[in-house]
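Participant: With the sequence up front, the predicted model follows.
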Amino acid sequence: MTLSHRLAAKISSEHQLEASTALQIVDMVLNGLAEAVAGGDAVDIPGVGTLRTETVAERLDHHPSTGAAITVPSSARVTFRPSTDI
């Protein structure tokens, strides 16, 4: 059972909702969080932590097979900083 399904089951039992409705709510919330992070917003989840995107600068590296120098382009990555409450 996925986290989405476990959250939906808890919501449906505690709030007398159909399981499918609760799953739609969970999916909408998680998709909204993903869209916010992808859009560059920091997402604070109280008691859990903060998700945000970080830009990684372009850098020089070496090809593992040939040893030739290559340029790795800049990219974005998602970072997570846990809350101090955990």
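Facilitator: Good, I have the coordinates. Every value quoted in this text rests on a predicted model; they were computed, and no experiment measured them.

Participant: Let me know the secondary structure of the residue located most distally from the centre of the chain.
Facilitator: For the chain, the C-alpha farthest from the mean C-alpha position belongs to T66; by C-alpha atoms, centre = their mean, that distance is 34.6 Å. Counting by DSSP: H, G, I helix; E, B strand; the rest coil, the backbone at T66 sits in coil.

Participant: again, but for the one 5 residues further on
Facilitator: Classification of T71 by three-state DSSP places it in strand.

Participant: and it, what pLDDT?
Facilitator: pLDDT for T71: 96.

Participant: just I86 next, same as before
Facilitator: I86 is given a pLDDT of 73.

Participant: Can you tell me how far it is from I45?
Facilitator: From I86 across to I45, the span is 11 Å (C-beta to C-beta, to the nearest Å). No exception for glycine: its C-beta is placed from N, CA and C like everyone else's.

Participant: partner strands of the helix or strand harbouring L60, parallel or antiparallel?
Facilitator: Applying DSSP states H and E as the criterion places L60 in strand 59-62. Neighbouring strands of strand 59-62 in its sheet, by DSSP bridges, are strand 69-72 (antiparallel).

Participant: So H5 versus E35, what's the distance?
Facilitator: Counting by C-beta to C-beta, the gap from H5 to E35 is 21 Å.

Participant: Also I11?
Facilitator: 21 Å.

Participant: Please list all residues in contact with the nearest residue to L51 once chain neighbours are set aside.
Facilitator: Using C-beta to C-beta, 6 or more residues apart in numbering and skipping the chain neighbours, the partner closest in space to L51 is V43 (4.5 Å). Counting by C-beta atoms under 8 Å, 6 or more residues apart in numbering, V43 makes contact with L33, A36, V37, T50, L51, R52.
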